[in-house]
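Q: test case, fold it:
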Amino acid sequence: MMINKHWNECTNEDKATMKNEVMIANNDDFFDCNYAAAFITSTPNSLQKWRSTGRYKIPFFKVGRKIYYYKHDLVAFMKSKLQSSTVKAA
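A: Numbers count the residues shown, from 1 in each chain. Here you go, the predicted model:
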């Protein structure tokens, strides 16, 4: 079930549905910014900022003006954020 709403119109249930759809998808499937943001628990606006500033380099591709992310790149990003402690090294 593809949810095609503006991010601000999406309910928490919509976002949970998007996240679940990405979770069950194949690694080579790709998703728009809304689905990518829901999967990594962020926002499309944050993804746009990261693309423009290079803060986080999550690979993406464009078709026309639309931006897409591969699931395997989103999973790699999430894995790169794994931590074993909240204590910072001195």
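
Q: max-length helix in this protein?
A: helix 12-24 (DSSP state H).

Q: helix or strand right after that one?
A: strand 30-32 (DSSP states H and E).

Q: confirm that L47 sits in a helix.
A: Yes: counting by DSSP: H, G, I helix; E, B strand; the rest coil, L47 falls inside a helix.

Q: sec struct for Y69, please.
A: Relying on three-state DSSP, one would call Y69 strand.

Q: against S84, how distant is it?
A: Separation of Y69 from S84 (CB to CB, to the nearest Å) stands at 26 Å. The way it works is simple: take the backbone N, C-alpha and C, and place the C-beta from them, glycine included.

Q: R51 now?
A: In terms of CB to CB, R51 sits 29 Å off from S84.

Q: these two - which one has more neighbours?
A: R51 (15 against 5; other CB atoms under 10 Å).

Q: what is the helix or strand that contains the more buried one packed up against?
A: R51 belongs to helix 44-53 when elements are defined using DSSP H and E. Packing partners of helix 44-53 (3 or more CB pairs under 8 Å, 6 or more residues apart in numbering; DSSP states H and E): helix 33-39, strand 66-70.
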